[in-house]
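[1] Starting from these lines, generate the structure:
(chains A, B and C)
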Amino acid sequence: MPELPEVETMVRGIRPVMDRAKILELRACPCDRKPLSISPIQPEFFERVRGCSIDSVERLAKRVVLRLSSDDVIVFEPRMTGLVLVSDPPSVEHLRFEFRLSLNKLRHSVWIWDRRGLGTFRLFTKEEFENALGGYALGPDALQISAKDLHHRLGKTQRSIKVALLDQKLVAGVGNLYASEILHEAKIHPQTVASKLSLKRVQRIHTAMNRILLEAITYEGSTLSDGTYRNALNHDGSYQSKHRVYSKEGTTCVSCNVSKIRRIVQTQRSTFFCPRCQRK
DNA sequence: CCCCAGTCCTGCGGGC
DNA sequence: TGCCCGCAGGACTGGG
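    The predicted structure is shown next:
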């Protein structure tokens, strides 16, 4: 679930305690589960980071990037249920890693927590990371891309606009929840063929994308009814109160006050939209 | 090359 | 009450 606003909120939450901190120790938590299922941890990971200081804490699309004094780079990708917490982990059962840190002579811990274990936690050399973005092929960040570039990129795919917005190689940071919200705000039907969108309509998408992602950051992201996403202090986000379509099938559209929100499935994912506000 | 189904995983909730 | 199954979706893989 964590998309751009949630990961940006994580980064802002951990920066005060991780930026410039020294890693006294990184260790796997005794949670009885695999550290993380998707990318088994490299054996030398723990030794390589011990004693390094963290030079910067950054967001790369939906990933948290820690640059170390050794020139190694730690990349945490939360995927569905991953969290990074500076206090009060939700349950010991799903703790995967613990950083033991020192900053300004104070010691504290930061935890990597992941209920479903679909996240990844990887260590790269600087060369590995910068030559190929650590193996990730990412398009421009959703908050950096220009409307013109977005139009150009959308012009090269025959997929629907909703599916194209989820393609991280096309534009990076938008996920399933915000894609529906963005297209509703822009009044674009989610099944519109991406390459057929005029520059003017793409400009509407671009404006909506920026407005919604920035607004969601100010609300510290969206915590859905499953309660999984939390900020670094283990507090809920509050942007879910501003959702207009996501997971609102059957409710009356708040824009037109006439039509009911519909749910369709596109490439195995739910899309929510208003058939009146978002005409084909 | 382009695109999509399948896969990883756990917890929740609907149906019986 | 309890069991089973479907569903949630980010990103990678394999194959059409």
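
[2] farthest residue from the center of chain A?
    residue A:258 (32.7 Å; Cα atoms, centre = their mean).

[3] Please look at it and residue A:277 and confirm they touch.
    No. Counting by Cβ atoms under 8 Å, residue A:258 does not reach residue A:277; the two are 9.0 Å apart. Just so you know, the C-beta spots here come from the backbone N, C-alpha and C atoms, and that holds for glycine as well.

[4] What are the buried residues along stretch A:258-267?
    For stretch A:258-267, a neighbour-count test (16 or more other Cβ atoms under 10 Å) marks A:261, A:262, A:266 as buried.

[5] Ends of that stretch, what's the gap?
    For stretch A:258-267, the first-to-last residue distance is 28 Å (Cα to Cα, to the nearest Å).

[6] for stretch A:29-48, same thing?
    18 Å.

[7] Measure how far that stretch is from the centre of its chain, please.
    How far stretch A:29-48 lies from its chain's middle: 22 Å, per Cα atoms, centre = their mean, to the nearest Å.

[8] check whether that stretch contacts DNA strand C.
    Yes. Contact of stretch A:29-48 with DNA strand C is found when judged by Cβ under 7 Å from any atom of the strand, involving residue A:38.

[9] cool, and stretch A:208-218?
    No. Using Cβ under 7 Å from any atom of the strand, stretch A:208-218 stays clear of DNA strand C, coming no nearer than 13.1 Å.

[10] any residues touching that stretch, and which ones?
    Contact with stretch A:208-218 is made by A:4-5, A:8-9, A:142-143, A:173-174, A:178, A:181-183, A:185-186, A:222, A:237, A:239, A:242, as judged by Cβ atoms under 8 Å, 6 or more residues apart in numbering.

[11] 6 Å instead?
    A:4, A:5, A:8, A:142, A:181, A:182, A:185, A:186, A:239 (Cβ atoms under 6 Å, 6 or more residues apart in numbering).

[12] residues of the host helix or strand of residue A:177 that come out buried?
    Using DSSP states H and E, residue A:177 sits within helix A:176-186. Within helix A:176-186, the residues that qualify as buried are A:176, A:177, A:178, A:179, A:180, A:181, A:182, A:183, A:184, A:185, A:186, counting by 16+ other Cβ under 10 Å.

[13] so where's the stretch 1-150 of chain A uncertain?
    A:39-40, A:132-136 (pLDDT under 70).

[14] in it, which spans are strands?
    A:22-28, A:54-60, A:63-68, A:73-77, A:82-85, A:95-103, A:106-114, A:120-124 (DSSP state E, counting those that start in this stretch).

[15] What is the shortest one packed up against?
    Counting contacts by 3 or more Cβ pairs under 6 Å, 6 or more residues apart in numbering; DSSP states H and E, strand A:82-85 packs against strand A:106-114.

[16] 8 Å - rerun?
    When contacts are defined as 3 or more Cβ pairs under 8 Å, 6 or more residues apart in numbering; DSSP states H and E, strand A:82-85 packs onto helix A:4-18, strand A:106-114.

[17] Which of these has the highest mean neighbour count?
    Looking across these with neighbours counted as mean count of other Cβ atoms under 10 Å, the highest average goes to helix A:4-18: a mean of 22.
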